[in-house]
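In: I would like the atomic coordinates for the input below:
(2 chains)
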Protein chains: 2
Amino acid sequence: MREKKKEIPEGVIRRMPRYYRKLRELLEQGVDHISSGELARIMDVTASQIRQDLNHFGGFGQYGYGYDIEFLKNRIEQILGLDKTYGMVIFGAGNLGSAMAKHTPSIPLPHHVQALFDNDPAVIGTKVGPYTVLDTADFATYIAENPAEIAVLTLPETQAQQVADLAVQGGIRAIWNFSPADIQISDPKVVIENVHLSNSLMVLTYHLSTQ
Amino acid sequence: MREKKKEIPEGVIRRMPRYYRKLRELLEQGVDHISSGELARIMDVTASQIRQDLNHFGGFGQYGYGYDIEFLKNRIEQILGLDKTYGMVIFGAGNLGSAMAKHTPSIPLPHHVQALFDNDPAVIGTKVGPYTVLDTADFATYIAENPAEIAVLTLPETQAQQVADLAVQGGIRAIWNFSPADIQISDPKVVIENVHLSNSLMVLTYHLSTQ
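Out: Numbers count the residues shown, from 1 in each chain, chains lettered A, B, ... in the order given. Okay, here's the model as predicted:
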């Protein structure tokens, strides 16, 4: 049974992938246990922060011994939900959508792209990596036969909300939104993660211009 | 003269691009002024948050009148540094780097991609959109003749730090890092903005798996 996690601060959750990645690296290097002080040093955070972060999930250190890396890596894998598999459908077969379809993540993740959709007749039917681009108009039929959990939106802002609604109607439970649109979904169980590249570039530019 | 901005919370800065985008939209729709209450409603935040955010930069509301949209848009443009132009070089001509090179942002931004570099002999010299991929080994010579402000890293983790060092030696002042590497730059004036796509997908997966 998973522990109740609703109250965990978003900042803690956002640090978990970094711990996960580092623990995988250590395991690959043959390290099997580590003190919280040493883990803190190589991750450039404080030992106290690591302990506090992990305590949100029950805490996994043995006092005086430190962390068993394989155990901790496996627990974070479970916490992040990486012990299951996830089907993804990409909407938008432009530059970014095509890159996402062909992308190999830097560490193995249990997500696989099932299909790539677009509404442009010039693009539908073309090949992008191993995928033949499908027509967004056929999504409802597709998803009824090929369930998927995650929709990736690499669409113009003007199309994003409508396609998000279509995805949710088809049973999609998570939206990875690369469009600048503020997607609104009435079902609170559908999760949305935004990656706003233009906004990120503007923040970079702010910091650059104030140096 | 720019006001001193060092103490402005990062959360405030990260909301500025969203205001900027919304104000542009309103102007395009022919709206020229708006109350803070109405701006709050369409942005799905509180009027108090908007006032507090803008007060970090001096505040721009006229009591009882609201905001002059063109004035406010122009001020946020200045605050974000969007009133200057920026040259970008992309390192890594893989799927993501190529998508970035060909990408047209959803709103006009004063950034232009100057060149695309890779160290793979099979890729150097090939065309990506309008760019011929240059050899990373030639970067020092290139940048001496073609100054640029921003380096975009779409590289494997193992190459990111070395290429970031090379970029900074060449005069690059900002790094937009898409690799999962934790880049360390000793010069505190060089700014780094990380976009960790795998980490973002893991956070999405956490929220999905706890629903």
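In: A:Ile42 contacts A:Glu25, doesn't it?
Out: No. In this structure, A:Ile42 sits apart from A:Glu25 without contact. The criterion is Cβ atoms under 8 Å, and the distance is 9.1 Å. (Glycine included, C-beta is placed from N, CA and C.)
In: Neighbour count for those two, which is higher?
Out: Neighbours around A:Ile42 and A:Glu25, counted as other Cβ atoms under 10 Å in any protein chain shown, are more numerous at A:Glu25. The numbers are 15 against 12.
In: Surely that one is within a strand?
Out: No. A:Glu25: not assigned to a strand; according to DSSP: H, G, I helix; E, B strand; the rest coil it is helix.
In: how far away is it from A:Gln159?
Out: In this structure, A:Glu25 and A:Gln159 are 39 Å apart, going by Cβ to Cβ, to the nearest Å.
In: same thing with A:Asp44?
Out: For A:Asp44, the distance to A:Gln159 under the criterion Cβ to Cβ works out to 40 Å.
In: now do A:Ile42
Out: With distances taken as Cβ to Cβ, A:Ile42 is found 44 Å from A:Gln159.
In: ok now do A:Ala137, which residues does it touch?
Out: For A:Ala137, the residues meeting the contact criterion (Cβ atoms under 8 Å, 6 or more residues apart in numbering or on different chains) are A:Asn119.
In: phi, psi of it?
Out: Note on A:Ala137: backbone dihedrals following degrees, to the nearest 10 are phi -60, psi -20.
In: any idea how far chain B is from it?
Out: If you measure A:Ala137 against chain B using Cβ to the nearest Cβ, to the nearest Å, the figure is 24 Å.
In: Same question for A:Asp53.
Out: If you measure A:Asp53 against chain B using Cβ to the nearest Cβ, the figure is 13 Å.
In: got the buried residues for the helix or strand harbouring that residue?
Out: A:Asp53 is located in helix A:47-55, with elements delineated by DSSP states H and E. Going by neighbour count (16 or more other Cβ atoms under 10 Å in any protein chain shown), the buried part of helix A:47-55 is A:Ala47, A:Ile50, A:Asp53, A:Leu54.
In: cool, stretch A:17-33 as well?
Out: For stretch A:17-33, a neighbour-count test (16+ other Cβ under 10 Å) marks A:Pro17, A:Arg18, A:Tyr19, A:Tyr20, A:Arg21, A:Lys22, A:Leu23, A:Arg24, A:Leu26, A:His33 as buried.
In: now swap in stretch A:140-149 and tell me
Out: Residues of stretch A:140-149 classed as buried: A:Tyr142, A:Ile143, A:Ala148, A:Glu149 (neighbour count, 16+ other Cβ under 10 Å).
In: quick one: which of those is nearest to chain B?
Out: Set against chain B, the nearest of the buried residues of stretch A:140-149 by Cβ to the nearest Cβ is A:Glu149 (6.4 Å).
In: hang on, that closest one packs against A:Tyr86?
Out: Yes. Taking Cβ under 8 Å as the definition, A:Glu149 is a contact partner of A:Tyr86 at 4.7 Å.
In: shared neighbours of the two, which are they?
Out: Counting by Cβ under 8 Å, 6+ apart, the residues touching both A:Glu149 and A:Tyr86 are B:Leu208.
In: quick one, what contacts A:Ile172?
Out: Under the criterion of Cβ under 8 Å, 6+ apart, the neighbours of A:Ile172 are A:Val89, A:Ile143, A:Ala148, A:Glu149, A:Ile150, A:Ala151, A:Val190.
In: same question but for A:Leu208, I mixed them up
Out: Going by Cβ under 8 Å, 6+ apart, A:Leu208 touches B:Gly81, B:Tyr86, B:Glu149, B:Ile150, B:Arg173, B:Ala174, B:Val191.
In: tell me the domain ranges of chain A?
Out: Following automatic domain parsing, chain A resolves into domains at A:10-79, A:86-201.
In: now, which of the buried residues of stretch A:17-33 lie within strands?
Out: Secondary structure from DSSP state E places A:His33 of the buried residues of stretch A:17-33 in strands.
In: from the buried residues of stretch A:17-33, which is closest to chain B?
Out: Distance to chain B, by Cβ to the nearest Cβ, is smallest for A:Pro17 among the buried residues of stretch A:17-33, at 3.9 Å.
In: Downstream of the helix holding A:Asp53, the next helix or strand is which one?
Out: Of the helices and strands lying after helix A:47-55 in sequence (DSSP H and E), the nearest is strand A:67-68.
In: A:Leu27: what's its closest spatial neighbour, skipping adjacent residues?
Out: In space, not counting the residues next to it along the chain, A:Leu27 is nearest to A:Ile69; the distance is 5.6 Å by Cβ to Cβ, 6 or more residues apart in numbering or on different chains.
In: Could you report the separation of that neighbour from chain B?
Out: For A:Ile69, the distance to chain B (Cβ to the nearest Cβ) stands at 18 Å.
In: same question, A:Lys73
Out: Using Cβ to the nearest Cβ, one gets 13 Å for the distance from A:Lys73 to chain B.
In: Model confidence score at that residue, please.
Out: At A:Lys73 the predicted local distance difference test score is 94.
In: you'd agree it is up against A:Lys22?
Out: No. Using Cβ under 8 Å as the test, A:Lys73 is too far from A:Lys22 to be in contact (9.3 Å).
In: any residues touching the lengthiest strand in chain A, and which ones?
Out: Secondary structure of chain A per DSSP E: the longest strand is strand A:111-118. For strand A:111-118, contacts defined as Cβ under 8 Å, 6+ apart pick out A:85-94, A:97-98, A:100-101, A:105, A:124, A:128, A:131, A:133-136, A:138-139, A:142, A:146, A:148, A:150, A:152, B:201, B:205.
In: what does stretch A:140-160 give?
Out: Contacts of stretch A:140-160 from elsewhere in the structure, counted by Cβ under 8 Å, 6+ apart, are A:86-92, A:94, A:96-97, A:100, A:111, A:113-115, A:119, A:134, A:163-164, A:166-167, A:169-181, A:183, B:106, B:204, B:208.
In: what does stretch A:42-61 give?
Out: By Cβ under 8 Å, 6+ apart, the residues outside stretch A:42-61 that reach it are A:3, A:5, A:8-9, A:12, A:15-16, A:18-19, A:22, A:36-37, A:39-40, A:67-68, A:71-72, A:75, A:79, B:182.
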